[in-house]
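A.B. asks: For reference, the sequence and a predicted model appear below.
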Amino acid sequence: MQLRFTKMHGLGNDFVVIDLITQRFKLKPHHIRKIADRHFGIGCDQVLTVEIPTQPDVDFCYRIYNAEGSEVEQCGNGARCFARFIRDKRLTGKQKIKVETLAGIIELELTENRQVRVDMGEPILDPKRIPFTADQQATEYALDIDGSAWQVGAVSMGNPHVILPVTDVDTAPVESVGPVTESHPRFPQRVNVGFMQVVDRDTIRLRVFERGVGETLACGTGACAAVVSGIVQGKLNSTVTVHLPGGSLSIRWQGPGQPVIMTGPATTVFEGQIQI
Ligand SMILES: N[C@H](CCC[C@H](N)C(=O)O)C(=O)O
């Protein structure tokens, strides 16, 4: 079958977006892996699908698949691209759209200066719901990683994140510590691994070794999780600029009971068709 797709990215975190409303096809893990393959397929970090919602009062269903083929709960950069895709394909005329994800309902809004603002919902700090093995909830946790002692943050944005503090992201041990932490036994569903450098109370630098992908140029949920962790540790104010290798995001969180608001760009690169 020929499948139409759109290649997009959010700060270099790249996606293949497929409309499964006007095209009917059931994507299986081996299809995802072929599409995501940068030599034998199109190439991307994640595949995103646009589907008919299953819940009332929701505009679309947004599903996310890592390059390895696993379906995941949430993708922040992908949410911005989803909004841009929906608008450009005229699948809605609404300014604000509600989409359902495995992590729950999020709200997307295209802003006047071609940015996208996303209400990512409330962060989850209860270890049992991240999930993360810990005696009790804390602002930071002692974690042994390959014999080295780290003090880390742990947050879910619907998907699990661990945040490792570093003094300089440029020299952070992403290649060595990322993989072993992604599959750390205290994270039963594996975990996205953020390396966070606090520049000042309004600014961080961040690199992320993503679950199911490896290091990406940007991670939206990772940026949200890192800011939440920095705020609960008393290191950050409520609105933070997050500098990632692929560019910058604005993340705002006003504390427990409040949603995390992410604002940033979404870019369409090209359209195509793939025989699948
Ligand atoms: N690798 C992530 C999903 C994609 C998240 C990232 N691309 C973002 O922008 O949030 C996970 O397995 O939970």
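C.D. replies: Sure thing, it's come through.
A.B. asks: Backbone dihedrals for K34, please?
C.D. replies: With angles defined as degrees, to the nearest 10, K34 sits at phi -70, psi -50.
A.B. asks: who's in contact with the nearest residue to it once chain neighbours are set aside?
C.D. replies: Closest residue in space to K34, ignoring its immediate chain neighbours: G41 at 4.7 Å, by C-beta to C-beta, 6 or more residues apart in numbering. Just so you know, the C-beta spots here come from the backbone N, C-alpha and C atoms, and that holds for glycine as well. Listed by C-beta atoms under 8 Å, 6 or more residues apart in numbering, the contact partners of G41 are R33, K34, I35, I274.
A.B. asks: Pull the most distant pair out of those.
C.D. replies: For the contacts of G41, with distances taken as C-beta to C-beta, the pair at the greatest spread is R33 and I274 (12.9 Å).
A.B. asks: G222 contacts N159, doesn't it?
C.D. replies: No. Taking contacts as C-beta atoms under 8 Å, G222 lies outside contact range of N159: 9.1 Å.
A.B. asks: Overlap in contacts, the two.
C.D. replies: Shared contacts of G222 and N159, counting by C-beta under 8 Å, 6+ apart, come down to N192.
A.B. asks: Out of those two, name the residue with the larger neighbour count.
C.D. replies: More crowded of G222 and N159, by other C-beta atoms under 10 Å: G222, with 33 against 29.
A.B. asks: Give me the neighbour count for the residue nearest to the more buried one when sequence neighbours are not counted.
C.D. replies: Taking C-beta to C-beta, 6+ apart as the measure, G222 lies nearest to V208, with 4.0 Å between them; neighbours along the chain are not counted. Counted with other C-beta under 10 Å, the burial measure for V208 works out to 30 neighbours.
A.B. asks: so how far is the ligand from V208?
C.D. replies: In this view, V208 and the ligand are 8 Å apart by C-beta to the nearest ligand atom, to the nearest Å.
A.B. asks: What does the pLDDT read for N113?
C.D. replies: In this prediction, N113 carries a pLDDT score of 86.
A.B. asks: Which of the three states applies to it?
C.D. replies: Local secondary structure at N113 is given as coil here, using DSSP: H, G, I helix; E, B strand; the rest coil.
A.B. asks: and it, how many neighbours?
C.D. replies: By the measure other C-beta under 10 Å, the count of residues near N113 is 7.
A.B. asks: With the one 3 residues further on instead?
C.D. replies: Using other C-beta under 10 Å, the number of residues around V116 comes to 22.
A.B. asks: element containing it, please.
C.D. replies: With the criterion set as DSSP states H and E, the secondary-structure element containing V116 is strand 115-119.
A.B. asks: Spit out the contact partners of the residue lying closest to G158 once chain neighbours are set aside.
C.D. replies: Take G158 and drop its neighbours on the chain: the residue closest to it by C-beta to C-beta, 6+ apart is A103, 2.3 Å away. The contact partners of A103, by C-beta under 8 Å, 6+ apart, come to E73, Q74, G121, M157, G158, N159.
A.B. asks: go again using 7 Å as the cut-off
C.D. replies: E73, Q74, G158, N159 (C-beta atoms under 7 Å, 6 or more residues apart in numbering).
A.B. asks: near the ligand too, which of the residues you listed?
C.D. replies: Applying C-beta under 6 Å from any ligand atom to the contacts of A103, one finds that N159 fall near the ligand.
A.B. asks: Need the contacts of A103 in a markdown table (columns: secondary structure).
C.D. replies: Below are these laid out as a markdown table (three-state DSSP):
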| residue | secondary structure |
| --- | --- |
| E73 | coil |
| Q74 | coil |
| G158 | coil |
| N159 | coil |
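A.B. asks: Out of the contacts of A103, the closest to A172 would be?
C.D. replies: Relative to A172, the closest of the contacts of A103 is N159; by C-beta to C-beta it sits at 20.9 Å.
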